[in-house]
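S.K.: my questions concern the predicted model and sequence given below.
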Amino acid sequence: MNKGFVGILLAAGQSTRFGENKLHKEIEPATPLALYAARKLATVMPDCVAVVHPDDELLPDIFAHAGLRVVINPHANSGIGTSLATGLASSPNAAGWVIALADMPLIPQTVIQQVATALRLKEKIIVPVYRGKRGHPVGIPQLFGRELQTLSGDVGARDLMQKHPAWVSILEVADKGIIRDIDTRTDFDKLSAVLNSTDHS
């Protein structure tokens, strides 16, 4: 990816449906869920920022050791919009951003690369789609950085797309991983079988 583009990993959620911090759960030995997702993003986006919750004592060190810059979102409890705003504010002069979620470990690295490449070439909002369903990661051009830095609550990139539909560029992909997040323990329990049976590198 060309210099000037930044990856942002949103990892400041509260895991309310999971019952504990799901991002700390290991999906492989010594590999928490959040780190698994972070490594994929950072491989494509060498300049990568992880946004974490102020009460999280584990993930900042894990992300930093993996080579990501870490920023704390003091308003994380207010919703994902504040985390997106915090991430963008940490790199306001970027040429664009690739936004990924730490609880989506099945996104193929190849798709992240496709989104990053499309963002650089088209300078539009890049949205991967699997069988009509929009997923992640999402590419955001520099044009919308300032607007997104004002986000609050649970208002996120989806609202930006609704507001600026002409700027949205759809990227059709063949991997369901772009729409599969880990919300519940059942979701987590299915991960091992999926990771062992399918290539999601």
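M.R.: Thanks, I have the structure now.
S.K.: use CA for all of it now, contacts and neighbours both
M.R.: Will do.
S.K.: what's the pLDDT at the closest residue in space to I72 that isn't next to it in sequence?
M.R.: Using CA to CA, 6 or more residues apart in numbering and skipping residues adjacent in sequence, the residue nearest I72 is V52, 5.1 Å away. Among the per-residue scores, V52 holds a pLDDT of 97.
S.K.: doesn't A12 make contact with V52?
M.R.: Yes - using CA atoms under 8 Å, V52 is in contact with A12, at 4.2 Å.
S.K.: ramachandran angles for A174?
M.R.: Phi and psi for A174, reported as degrees, to the nearest 10, are phi -110, psi 10.
S.K.: ok, now A37?
M.R.: A37 adopts backbone torsions of phi -70, psi -40, taken as degrees, to the nearest 10.
S.K.: so what's the residue lying closest to it once chain neighbours are set aside scoring on pLDDT?
M.R.: Computed as CA to CA, 6+ apart, the closest residue to A37 that is not its neighbour in sequence is P105, at 4.7 Å. With respect to pLDDT, P105 scores 93.
S.K.: what secondary structure does P105 sit in?
M.R.: coil (DSSP: H, G, I helix; E, B strand; the rest coil).
S.K.: how about the contacts made by it?
M.R.: 33-34, 36-37, 177, 181 (CA atoms under 8 Å, 6 or more residues apart in numbering).
S.K.: hey, where'd the helices end up in this protein?
M.R.: 33-44, 59-65, 80-89, 109-122, 145-148, 157-163, 185-189, 191-197 (DSSP state H).
S.K.: go through those and name the closest to L101.
M.R.: helix 33-44 (7.6 Å; CA to CA).
S.K.: what packs against the closest one?
M.R.: strand 5-11, strand 26-28, helix 59-65, helix 109-122 (3 or more CA pairs under 8 Å, 6 or more residues apart in numbering; DSSP states H and E).
S.K.: ok so, going back, between the contacts of P105, which has the most around it?
M.R.: In terms of neighbours by other CA atoms under 10 Å, the contacts of P105 top out with A34 at 26 neighbours.
S.K.: for that residue, give me the pLDDT.
M.R.: So A34 comes in at 94 (pLDDT).
S.K.: pretty sure it sits against A100.
M.R.: No - between A34 and A100 there is no contact under CA under 8 Å: 10.8 Å.
S.K.: on that earlier part again, do you know how far the residue nearest to I72 is from K40?
M.R.: For V52, the distance to K40 equals 17 Å [CA to CA, to the nearest Å].
S.K.: show me which of these two is the more surrounded one.
M.R.: Higher neighbour count among V52 and K40: V52, with 26 against 21, using other CA under 10 Å.
S.K.: low-scoring pLDDT stretches of this structure, where are they?
M.R.: Across the chain, the ranges flagged by pLDDT under 70 are 1-3, 15-16, 19, 152-155, 192, 196-201.
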